[in-house]
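**Student:** the sequence isn't on hand, but the structure is:
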C-alpha cells in the first residue's frame with residue numbers, strides 16, 4: 001500500500017533563471033511560478049489576479065513565450081529562462097513598450113499592466129511587424145479590472 005498522505009513540509013531545491021540572474025530556492029513541489037517569483041524571490045511585478053489563468057495579470061515570458069505563471073509550478077520553469085516585467089526596464093528609463101503604454105494611456109490602476117506588457121513583449125518579439133488588429137486580438141486574451 002502506498003502512502004498518499006500530504007506532507008506539507010516536503011520541499012525541493014530548484015534552480016530558476018529569472019531576468020538574467022540564477023536563483024536557487026527551497027520550495028514545495030506544488031508552489032506556482034507566480035508565488036515563487038513574488039514570495040520566494042521578492043520579484044513582485046508579476047501580479048496574481050484570478051489564479052485560474054483567465055485574467056493574465058500573472059503573464060511572464062518563459063523562453064520568450066508568454067505563459068500564465070499562476071497555472072504552472074515553479075519546478076516546471078527549471079532550466080528555462082523566465083522574464084518578468086522588471087526585465088523591461090533598466091531601472092532608470094522605461095522600455096519603448098512601457099513608454100508607448102504610458103503615452104497612449106494603456107493603463108488605469110496598473111494592476112493588470114505587467115501582464116499586458118509581457119504578453120505584448122512576447123508577441124512583438126515574435127511578430128515585430130504585426131498589425132494593430134493582430135496586436136488587439138492578442139492582448140484581448142488579458143483582462144483589465146478597471147475596464148473589463
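**Tutor:** Cool, the structure landed. Worth saying up front: this structure is predicted, and the values here are computed from it rather than measured.

**Student:** mind telling me what element the residue most central in space within the chain is part of?
**Tutor:** Centre of the chain computed as the mean C-alpha position; nearest residue by CA atoms, centre = their mean is residue 60, 2.3 Å away. Element membership of residue 60 [criterion: DSSP states H and E] is strand 59-62.

**Student:** cool, residue 123 as well?
**Tutor:** For residue 123, the element it lies in under DSSP H and E is helix 113-126.

**Student:** quick one: contacts of that helix?
**Tutor:** Here helix 113-126 makes contact (CB atoms under 8 Å, 6 or more residues apart in numbering) with 45-47, 49, 55-61, 64-66, 83-85, 88, 97-98, 101, 106-107, 130, 135, 138-139, 141-142, 144. Just so you know, the C-beta spots here come from the backbone N, C-alpha and C atoms, and that holds for glycine as well.

**Student:** low-scoring pLDDT stretches of the chain, where are they?
**Tutor:** Of all residues in the chain, those with pLDDT under 70 make up the ranges 1-9, 148.

**Student:** try it again with 90
**Tutor:** 1-10, 51, 53, 90-91, 104-110, 144-148 (pLDDT under 90).

**Student:** now the strands for it?
**Tutor:** 12-18, 21-27, 59-62, 65-68, 81-83 (DSSP state E).
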